[in-house]
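Novice: Okay, sequence plus prediction incoming.
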Amino acid sequence: MKFQAKLLLVFFVVAGLITGCSKDKYDAEKQAGIDDGLIVDFIKKNNLSATKHSSGLYYQIITPGTGDYNINASSTVTVNYEGKLLDGSVFDKSKQAITFSLSQVIKGWTIGIPLIQPGGRIRLLIPSTLAYGNESPGPGIPKNSVLDFTVDLISVK
């Protein structure tokens, strides 16, 4: 009985070591630093005027919009948008206005969209830690990708 217990214990230790070694070691803080450097370089290279939010998000308000809405994570918004990687490749673009709750999108949008009002346009440079992190949501967006969105806010409910 003791031999079987030891054998089982050895099996779990070896299995843990094997699976532990095969996984990527993800350090969100380190990745945030890498992303910040990429965004700063992108801003300089493209001569952009962007502001850094306390979250690590960079944004450029192109048009502020009008109104006095208290937009937050529970708001439902209607937008048009285009999403690109920093190399300029487009991974998504709305074909028509779409409506959704800001609680259902990546954190970078939840933080960035409330910075404008309806009729406004904003450019969001979203570090991977406020987007999909070290996961790829599908073809066109590799893990740890910084995302570049231009969003037109049509309406808020």
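Specialist: That came through fine.

Novice: tell me the centre residue of the chain?
Specialist: Relative to the mean C-alpha position of the chain, the nearest C-alpha, by C-alpha atoms, centre = their mean, is the one of Ala131, at 1.6 Å.

Novice: Give me the distance between it and Pro137.
Specialist: 9 Å (C-beta to C-beta, to the nearest Å). Placement of C-beta: from N, CA and C, glycine included.

Novice: ditto for Gly37
Specialist: In this structure, Gly37 and Pro137 are separated by 23 Å, where distance is defined by C-beta to C-beta.

Novice: In terms of neighbours, single out the busier of the two.
Specialist: Counted by other C-beta atoms under 10 Å, Gly37 and Pro137 do not tie: Pro137 has more neighbours, with 15 against 11.

Novice: Which pLDDT does the model give that one?
Specialist: The model reports Pro137 with a pLDDT of 94.

Novice: and if you look at Leu8?
Specialist: If you check Leu8, the pLDDT there is 36.

Novice: Then Val14?
Specialist: As summarised for this prediction, Val14 has a pLDDT of 37.

Novice: who's in contact with Ala28?
Specialist: Thr129, Gly133 (C-beta atoms under 8 Å, 6 or more residues apart in numbering).

Novice: again, only this time at 6 Å
Specialist: Listed by C-beta atoms under 6 Å, 6 or more residues apart in numbering, the contact set of Ala28 reads Thr129.

Novice: Tell me how far it lies from Ile39.
Specialist: The span separating Ala28 from Ile39 equals 16 Å under the rule C-beta to C-beta.

Novice: returning to that earlier point: is the residue nearest to the centre of the chain in contact with Val105, as I believe?
Specialist: No: counting by C-beta atoms under 6 Å, Val105 is not a contact partner of Ala131; they are 9.9 Å apart.

Novice: Any stretches of the chain with poor pLDDT?
Specialist: Under the criterion of pLDDT under 70, the regions of the chain flagged as low confidence span 1-24.

Novice: Which parts of it are helices?
Specialist: Secondary structure of the chain, counting by DSSP state H: helices at 2-22, 28-45, 107-112.

Novice: Mind jotting down where the strands sit in the chain?
Specialist: 51-52, 58-63, 76-85, 90-93, 98-101, 121-126, 147-156 (DSSP state E).

Novice: winner for burial among the ones you listed?
Specialist: Mean neighbour count (mean count of other C-beta atoms under 10 Å) peaks for strand 121-126 among the strands of the chain, with a mean of 23.
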